[in-house]
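>>> Pasting the sequence and the predicted model now:
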Amino acid sequence: MRNITETVKHLLIINTIFFIASLSVGDFIYDLFALHYPLNPKFQYWQPLTHMFMHGDFGHIFFNMFGLYMFGTPIEQMWGRNKFIFFYLSTGLGAASLQLLLYYYQINGVTDLLFAKGLNNLSIDKFFQTSDLPYELVETIGRDKLLSGLSAFNGVMVGASGALYGVLVAFAFLFPDAQLMLLFPPIPVKAKILVPLLILGDLFFGFTSYSIGPIAHFAHIGGAITGLIMMWYWKKNQFDKNRWDL
């Protein structure tokens, strides 16, 4: 077992505290710290940051924190605390941004349909907050289309997965030939092969109806893209060779 670095240790502790608080207090914590759509009444300006420390269940937090320990520790050892924190938070924000962009697209599509049927802004806002709509309109527009907009408006985003995907991309850049062991089947795969496969898997599940559970696949992709852009920019400008320790 490698020695855990200070920032990774602190992130594990903070995530654990948030998780225990969510188990103890319940929905109030999710309403306050999970990420809601910006036009949702439950949205707060700090949620793009705090949602990274919230998790839905034990399996969710366990796999995210295990991944953060395994892949974040060697990266922090190479980069130093400040550079790692900046990268981690940036990829988490990038993950949230892409998922919110998808929500905007879904909500805007439903809004346009409702406008076309003669509803005004007040009626549309009421629909998104109460799901109240005349039966005739529901049948005319289609339940699936309306539900996509409602799900986006009332969606709750939690978890460190987006930031973790950024960390995975950085790990594959820095240690491309590192052998990683798959769980099923238990075979070794190089990081430069496994990480792109994980991202392709999220692309597949994100664009199809085969998703396994309520997973924000586009948040994963957003974290990976942000990490990829940052790693490319740092490499181009030689920033990847510098630590940011004070």
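Sure thing, it's come through.
>>> Every contact and neighbour count from this point should use C-alpha atoms.
Fine.
>>> Provide the contact partners of stretch 17-25 at residue level.
Residues from elsewhere that reach stretch 17-25, judged by CA atoms under 8 Å, 6 or more residues apart in numbering: Ile29, Tyr30, Phe53, Met54, His55, Ile61.
>>> What about the fourth one, how many residues nearby?
Using other CA atoms under 10 Å, Met54 has 27 neighbouring residues.
>>> cool, and the second one?
If you count neighbours by other CA under 10 Å, Tyr30 ends up with 23.
>>> same deal with the third one?
Around Phe53 there are 23 other residues, counting by other CA under 10 Å.
>>> what helix or strand is the closest residue in space to it that isn't next to it in sequence on?
Among residues not flanking Phe53 along the chain, Asn15 sits closest, at 4.7 Å (CA to CA, 6 or more residues apart in numbering). Using DSSP states H and E, Asn15 falls within helix 6-25.
>>> For the helix or strand following that helix, buried residues please.
Remark: after helix 6-25, the chain's next helix or strand is helix 27-33, criterion DSSP H and E. Under the neighbour-count criterion of 16 or more other CA atoms under 10 Å, helix 27-33 has Ile29, Tyr30, Asp31, Leu32, Phe33 buried.
>>> With stretch 179-197 instead?
By 16+ other CA under 10 Å, the buried positions in stretch 179-197 come out as Leu180, Ala191, Lys192, Leu194, Val195.
>>> pLDDT check: weakest of those residues?
The member of those with the lowest pLDDT is Leu180, and it reads 85.
>>> wait, it sits on Val189?
Yes: using CA atoms under 8 Å, Leu180 and Val189 qualify as a contacting pair, with a distance of 5.2 Å.
>>> Looking at the longest helix along the chain now, give me its mean pLDDT.
Using DSSP state H to define each element, the chain has its longest helix at helix 81-116. The pLDDT scores in helix 81-116 average 94.
>>> okay, the angle between it and helix 6-25?
Going by axes from the mean of the first three to the mean of the last three CA atoms, to 10 degrees, helix 81-116 is angled at 40 degrees with respect to helix 6-25.
>>> What are the buried residues along stretch 117-132?
By neighbour count on 16+ other CA under 10 Å, the buried set for stretch 117-132 is Ile124, Phe127, Phe128.
>>> swap in stretch 227-237?
For stretch 227-237, by 16+ other CA under 10 Å, it's Gly227, Leu228, Met230, Met231, Trp232.
>>> check contacts around the closest residue to the third one other than its chain neighbours.
Leaving aside its sequence neighbours, Met230 sits nearest to Phe87 (CA to CA, 6+ apart; 7.9 Å). Listed by CA under 8 Å, 6+ apart, the contact set of Phe87 reads Gly166, Gly227, Met230.
>>> Give me the distance between Phe87 and Ala163.
Remark: distance between Phe87 and Ala163 (CA to CA, to the nearest Å) = 8 Å.
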